[in-house]
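Student: Predicted model and sequence below, questions to follow.
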Amino acid sequence: MKKDTLFATAATPDRPFEFNQAVVDVFADMIDRSVPIYRQTLEMVGWLGNRVVSDSTRVYDLGCSEGAALLAARSHVNASNVTLVGVDSSAAMLASARRHIDAAGAGPAVELVDGDIADVDVSHASLVILNFTLQFVTPPRRDALLRRIRDGLLPGGALLLSEKIHASAPQVDAVLIERHEDFKRRNAYSELEIARKRASLDNVLIPDTPAELAARLDRAGFGAHGVWLQEHNFLSMLAFR
Ligand code: GEK
């Protein structure tokens with residue numbers, strides 16, 4: 001795994017964050033060292049792949065990056081005739097996902113779609129994964145996407161929604177941010193790297209509050225939803241149709 005040093009030197013120009021080849025090259029290390037609950041969310045995806053995915057249904061991973069969640073689900077699916085669909089708007093990510101899937105060997109079919117998750121069709125789904133991707137969709141488009149996911153899920157089907165969040169109370173938000181930055185320091189990111197990554201994500205990653213996420217799921221018509229995991233300003237929810 002190549003170490004993420006993208007923001008380590010002032011030589012790299014400051015610009016808005018993009019999921020380009022340079023990011024793909026270090027992505028596994030970057031997400032592991034930056035997102036406190038990432039590993040647990042993949043473990044939960046595996047559990048859901050086993051418990052929620054039923055025969056002749058689809059599993060969608062929207063914003064699939066290199067396919068880590070797709071592969072976590074795929075390796076736990078016991079149901080038959082299941083198709084997994086991964087969608088991402090970064091061609092470099094999808095090329096890497098294809099390599100990982102091919103290397104994983106036999107298992108349920110995986111289709112990879114190059115596209116915007118805000119436009120994607122979802123149908124006959126038993127599981128939909130939005131693992132740290134809704135945060136990159138512009139806020140006015142989020143409700144419609146969640147409604148489309150809800151409508152494309154079969155009764156009893158599940159959505160795993162993981163997001164970076166912000167707290168509505170500024171005093172609490174400041175603590176969450178500081179605790180997350182401590183997490184990054186412990187993972188050997190420097191002050192410069194932390195500050196430059198923060199600046200590059202400004203207006204690219206736009207976090208909701210937990211209450212906003214819950215209200216979005218209500219408006220989308222999910223019958224039941226709740227938080228199953230939170231650490232600092234990262235949270236993961238489950239929602240059922
Ligand atoms: C994982 N889920 O490993 N349409 C399609 N893809 C998008 C869009 C969009 N509108 N916006 C962003 N992306 C993964 C991790 S990373 C999270 C997800 C992070 C894609 C983008 O190209 C990238 O691959 C992914 O969403 C976000 O479980 O880097 O913080």
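Tutor: Received it, and whenever you're ready, just let me know what you need. Every value quoted in this text rests on a predicted model; they were computed, and no experiment measured them.

Student: Residues of this structure that sit close to the ligand?
Tutor: When proximity is defined as CB under 6 Å from any ligand atom, the chain approaches the ligand at 19, 31, 63-65, 68-69, 87-90, 93, 116-118, 131-133, 136-137. In this view, the C-beta of every residue, glycine as well, is placed from N, C-alpha and C.

Student: List only buried entries from those.
Tutor: The neighbour count (16 or more other CB atoms under 10 Å) marks 19, 31, 63-65, 68-69, 87-90, 93, 117-118, 131-133, 136-137 as buried among the residues of the chain next to the ligand.

Student: Among these, which lie within helices?
Tutor: The helices, defined by DSSP state H, take in Ile31, Ala68, Ala69, Met93 from these.

Student: I'd like the residues you listed laid out as a markdown table, including pLDDT.
Tutor: Below are those laid out as a markdown table (pLDDT from 0 to 100):
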| residue | pLDDT |
| --- | --- |
| Ile31 | 90 |
| Ala68 | 96 |
| Ala69 | 98 |
| Met93 | 94 |
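
Student: would you turn these into CSV with distance to Arg185?
Tutor: Below are these laid out as CSV (distance: CB to CB, whole Å):
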residue, distance to Arg185
Ile31, 17
Ala68, 24
Ala69, 27
Met93, 27
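
Student: State the distance from the residue nearest the centre of the chain to Gln40.
Tutor: Against the mean C-alpha coordinate of the chain, by CA atoms, centre = their mean, the closest residue is Asn131 at 2.0 Å. Separation of Asn131 from Gln40 (CB to CB, to the nearest Å) stands at 11 Å.

Student: before we move on, what about Trp47?
Tutor: 10 Å.

Student: so Phe222 sits right up against Leu159, yeah?
Tutor: Yes. Using CB atoms under 8 Å, Phe222 is in contact with Leu159, at 7.0 Å.

Student: what residues are shared contacts of the two?
Tutor: With contacts taken as CB atoms under 8 Å, 6 or more residues apart in numbering, Phe222 and Leu159 have Leu146, Arg150, Ala239, Phe240, Arg241 as neighbours in common.

Student: residue contacts, the spatially closest residue to Val137 that is not a sequence neighbour?
Tutor: Closest residue to Val137 apart from its sequence neighbours, by CB to CB, 6 or more residues apart in numbering: Ala118 at 5.4 Å. By CB under 8 Å, 6+ apart, the contact set of Ala118 is Val137, Arg141, Ala144, Leu145.

Student: I'd like the residues you listed as TSV, with pLDDT appended.
Tutor: Output for the contacts of Ala118, formatted as TSV (pLDDT from 0 to 100):
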residue	pLDDT
Val137	96
Arg141	97
Ala144	97
Leu145	98
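
Student: quick one: which of these has the most company?
Tutor: Using other CB atoms under 10 Å as the neighbour test, these are led by Leu145, with 22 neighbours.

Student: Now the phi/psi pair for it, please.
Tutor: phi -60, psi -50 (degrees, to the nearest 10).

Student: what's the distance between it and Leu235?
Tutor: From Leu145 to Leu235 the distance is 18 Å (CB to CB).

Student: Next: Gln171.
Tutor: 18 Å.

Student: Share the number of residues neighbouring the residue lying closest to Leu71 once chain neighbours are set aside, please.
Tutor: Distances taken as CB to CB, 6+ apart place Ala104 nearest to Leu71, at 5.6 Å, with adjacent residues excluded. Residues near Ala104, counting by other CB under 10 Å, number 14.
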